[in-house]
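Undergrad: Next comes the sequence, and after it the predicted model I'd like to discuss.
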Amino acid sequence: MAKYLLLKHYRGAPAAVNDVPMDRWTPEEISAHIRYMNDFAARLEKTGEFVDGQALAPEGAWVRYDGEGRPPVTDGPFAETKDLIAGWMVIDVDGYDRAVELAGELSAAPGAGGAPIHEWLEVRPFLSAPPTITE
Amino acid sequence: MDEALLRSLTPGVIAVLVRRGADFAAAEDAVQEALVEAFRAGADQAPRDAKGWLVTVAWRKFLDATRADAARRRREDRVAEEPAPGPAPAVDDTLRLYFLCAHPSLTPASAVALTLRAVGGLTTRQIAEAYLVPEATMAQRISRAKRTVSGVRFDRPGDVSTVLRVLYLVFNEGYSGDVDLAAEAIRLTRQLAARVDHPEPAGLLALMLLHHARRAARTAPDGSLVPLAEQDRGRWDTALIAEGVDVLQVALARDRLGEFQAQAAIAALHADAPTAAETDWVQIVEWYDELVRLTGSPVVRLNRAVAVGEADGPRAGLAALAALDASLPRYDAVAAYLHERDGDLPRAARLYAEAAHRAADLAERDHLTRQAARLNTRLREGRRRQARHDPHDTA
């Protein structure tokens, strides 16, 4: 089994096919979208492939060490251009193909007009697998 | 009662229940409940015949559960009417359980989980911790696996190679949480090898013992990888190596070579060398030729190229490598190593960096990054020394 991180982006990913901001959807469309995501997570729990998932707030800041005795530097509250991660889910699946299949399903969550958003999701393998002995 | 003893009895007890007509999932649940009761009873009340005691308690639990389940009334009638047969030979039953847990209809992950639970007797929490997933996730994985095999007939042994693959997966998972999966895999393979009349389980057991014997030397105190040639051979477990070699020799004498015996033979040749320089690479290449014949695996061909490089020099290794697909995992790492030995340091440094970028696990990536850094530092110092000798040639 291999663990993968599925990343949803607020910003930074290529535009979705059905690219309408969420605040222009109807409340029903938003409910349908959220229900789809919850059902997806619940289904992965049943298949034994779910590890963890969290949503993140859209405010983020870059933080940097600024030398001995000084407070860390931040880029301030007005970060307009950087990537922002909206949320993530960790899955534990048999392999890469299954991870891509699941990401594809998650990307089909309904959006404006009830049609799938075709949102781009990032799929990243974990680098934590213990080594297979090959020496 | 002794936990290790109870664990070793688990598969046999499940198998007796299944033979008496219990559904696999129900049998497994009943035995888990019986184990809980055994733990509660404590060490002072250990019965003389622990297995007989467990069978009795588990069978009672199974009957209770069956009676409570109205939907299963028909089976209850059948069970009530038929007298329970006496315990069948335990050896045979446990063996069947191995095959059931590694059934081809299960995904590798499910087969591993079910084997650890039903044959190994580990708790769901222990398995979940070892695989770093939530307990609920592992519980679902196990119950799905149980459902998948519940319709499978329990009457004939399956394919031994499937079972061996599952056990090797467990072994390679190593160690996290409070269970050492490598040790657990060795324990289960030992049981299997004692029961199957075939040299390959013994081959796998030998391979595991030989790898396990070198485990302490394989990582530095900070967790970084130590390559075979640099390992402190004084830290290898000589008793395990001796046992592995013995098991392997008995298996090889039966003259039915399989892939695990050939891999174990290579591991034995490594373990046998007093120093890395004294490794018998010529014989290792011969065993790789056997392995290529048995498996045709591209990964085996890649490892063979490394062995050829040691036996006949880096040029020969690079020639063997040239025949292979460059997209293979670890191809860059092997190429980097051979180019370094051939004296082409800039190319080796570049390939090590490339290999680090493509590494699939953390320890390996860090190791390859250090290799690239080591060569780049050497190249930089070389240039600096040259600049001092010839100050006009610094452009």
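TA: Perfect, thanks for sending it.
Undergrad: distance of whichever residue of the stretch 1-150 of chain B sits closest to chain A from B:R304?
TA: Chain A sits closest to B:R141 of the stretch 1-150 of chain B, with a gap of 2.9 Å, by C-beta to the nearest C-beta. Placement of C-beta: from N, CA and C, glycine included. Counting by C-beta to C-beta, to the nearest Å, the separation of B:R141 from B:R304 is 36 Å.
Undergrad: neighbour-wise, which of these two wins?
TA: More crowded of B:R141 and B:R304, by other C-beta atoms under 10 Å in any protein chain shown: B:R141, with 28 against 22.
Undergrad: pretty sure that one contacts B:A113?
TA: Yes - between B:R141 and B:A113 there is a contact under C-beta atoms under 8 Å: 5.0 Å.
Undergrad: Overlap of the contact sets of these two?
TA: A:G48 (C-beta atoms under 8 Å, 6 or more residues apart in numbering or on different chains).
Undergrad: residues near B:D237, how many?
TA: Quick note: B:D237 (other C-beta under 10 Å) scores 18 neighbours.
Undergrad: Check the gap between it and B:R215 for me.
TA: B:D237 is 8 Å from B:R215, where distance means C-beta to C-beta.
Undergrad: ok, now B:E340?
TA: B:E340 sits 27 Å away from B:R215, going by C-beta to C-beta.
Undergrad: and whichever strand or helix holds B:R350 with chain A, contact?
TA: Per DSSP states H and E, B:R350 falls inside helix B:345-358. No - Helix B:345-358 is not in contact with chain A by C-beta under 8 Å from any C-beta of the partner chain; minimum separation 11.0 Å.
Undergrad: okay, and for the chain, where does confidence drop off?
TA: You didn't pick a chain, so chain A it is. Applying pLDDT under 70 to chain A picks out residues A:76-81, A:128-135.
Undergrad: look at chain B instead
TA: In chain B (pLDDT under 70), the answer is B:1, B:42-46, B:70-92, B:153-158, B:174-177, B:391-395.
Undergrad: Please parse it into its domains.
TA: B:3-78, B:349-395 (automatic domain parsing).
Undergrad: For the nearest residue to B:E354 once chain neighbours are set aside, which residues are in contact?
TA: Computed as C-beta to C-beta, 6 or more residues apart in numbering or on different chains, the closest residue to B:E354 that is not its neighbour in sequence is B:D332, at 4.7 Å. Listed by C-beta under 8 Å, 6+ apart, the contact partners of B:D332 are B:326, B:351-352, B:354-355, B:358.
Undergrad: any idea which element B:D332 lies in?
TA: B:D332 belongs to helix B:331-341, assigned by DSSP H and E.
Undergrad: Now do the buried residues in the helix holding B:R350.
TA: Neighbour counts over helix B:345-358 (16 or more other C-beta atoms under 10 Å in any protein chain shown) mark B:345, B:348-356 as buried.
Undergrad: contacting residues around the residue in chain A that chain B sits nearest to?
TA: When distances are taken as C-beta to the nearest C-beta, chain A reaches nearest to chain B at A:G48, 2.9 Å away. A:G48 sits next to A:92, B:109-110, B:113, B:133, B:137-142, B:144 when contact means C-beta under 8 Å, 6+ apart.
Undergrad: mind listing the strands in chain A by residue range?
TA: A:2-11, A:50-55, A:63-64, A:73-74, A:84-93, A:122-125 (DSSP state E).
Undergrad: possible to save those strands as CSV with distance to chain B?
TA: Converted to CSV, the strands of chain A look like this (distance: least, C-beta to the nearest C-beta, whole Å):
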stretch, distance to chain B
strand A:2-11, 8
strand A:50-55, 5
strand A:63-64, 24
strand A:73-74, 28
strand A:84-93, 5
strand A:122-125, 7
